[in-house]
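Prediction below, plus the sequence it came from.
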Amino acid sequence: NAGVTQTPKFRVLKTGQSMTLLCAQDMNHEYMYWYRQDPGMGLRLIHYSVGEGTTAKGEVPDGYNVSRLKKQNFLLGLESAAPSQTSVYFCASRPTSGRFHEQYFGPGTRLTVT
Amino acid sequence: AQTVTQSQPEMSVQEAETVTLSCTYDTSESDYYLFWYKQPPSRQMILVIRQEAYKQQNATENRFSVNFQKAAKSFSLKISDSQLGDAAMYFCAYRSGGGATNKLIFGTGTLLAVQP
């Protein structure tokens, strides 16, 4: 049981390049989330998904797209990377059952855009 | 909109001593949950403790406990018998009780240093 995994762990992009971050979970969770973490700002929600085939915008969605073609995977895409997207990206998932609806986080991806 | 405020960017504690990290939040909701997450240098987000707003009793997990003051909208974390492994960034987070998103709203974090 690997929990939530993220690929890659580190990446350096040039401005204008594109890339996709992959999040995978093996806990059969319905809900998945993408956050970004910037110094002094905590974690902010980019996009989320409440189930396979569904996605929705979070707090800071501009410049990102997402897809949830399979229940276990949640992809975050940057079509044309900008230096402002330099950040650490976290994926999380949670079950629909349980009182606290605890979110389980991946190890993060550090992205630098030059 | 809900907000979470952590007013202490950095804190320091001696090993074996007790430290309290502050968190305040703003909400008009009555049903919500509060969490403390620990982020060590590995970057992994680890859930430390959680509290339901409708429960008056403060949550406790081993050396970690909270002081939940609902009227004051305060949710502080107390770490007793601090250990070197407690050194990390600590985030306070809020989640609404209802709604489809169940998204977490995070504070800006408190960096805790533990001195040997």
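It's in. Numbering: from 1, shown residues only, chains lettered A, B, ... in the order given.

Quick check: residues of chain B near chain A?
Residues of chain B lying near chain A by C-beta under 8 Å from any C-beta of the partner chain: B:4, B:9, B:33, B:42-45, B:47, B:50, B:52, B:91, B:95, B:100-104, B:106-109. C-beta: built from backbone N, CA, C; applies to glycine.

Show me which of those are buried.
Taking 16 or more other C-beta atoms under 10 Å in any protein chain shown as the criterion, what is buried in the residues of chain B next to chain A is B:4, B:33, B:43, B:45, B:47, B:50, B:52, B:91, B:95, B:102-104, B:106-109.

Of these, which is the nearest to A:Gly58?
B:Lys103 (6.6 Å; C-beta to C-beta).

How about that closest one, nearest residue that isn't a chain neighbour?
Closest residue to B:Lys103 apart from its sequence neighbours, by C-beta to C-beta, 6 or more residues apart in numbering or on different chains: A:Leu45 at 5.0 Å.

give me the element the one you found is part of.
Using DSSP states H and E, A:Leu45 falls within strand A:42-49.

coming back round to it: now do the contacts for the residue nearest to B:Lys103.
A:Tyr33, A:Trp34, A:Tyr35, A:Gly58, A:Glu59, A:Val60, B:Lys103, B:Leu104 (C-beta atoms under 8 Å, 6 or more residues apart in numbering or on different chains).

Same question for A:Met19.
A:Arg11, A:Leu13, A:Gly77, A:Leu78, A:Ala81, A:Leu111 are the contacts of A:Met19 under C-beta under 8 Å, 6+ apart.

Swap in 7 Å and give it another go.
A:Arg11, A:Leu13, A:Leu78, A:Ala81 (C-beta atoms under 7 Å, 6 or more residues apart in numbering or on different chains).

same deal with B:Phe75?
B:Phe75 touches B:Cys23, B:Tyr25, B:Leu34, B:Gln51, B:Val66, B:Phe68, B:Cys92, counting by C-beta under 7 Å, 6+ apart.

Would you map the strands across chain A?
Along chain A, the stretches classed as strands by DSSP state E are A:4-7, A:10-13, A:19-25, A:31-38, A:42-49, A:56-57, A:65-67, A:73-78, A:87-94, A:104-105, A:109-113.

Just the mean pLDDT for the second one, thanks.
The predicted model gives strand A:10-13 an average pLDDT of 96.
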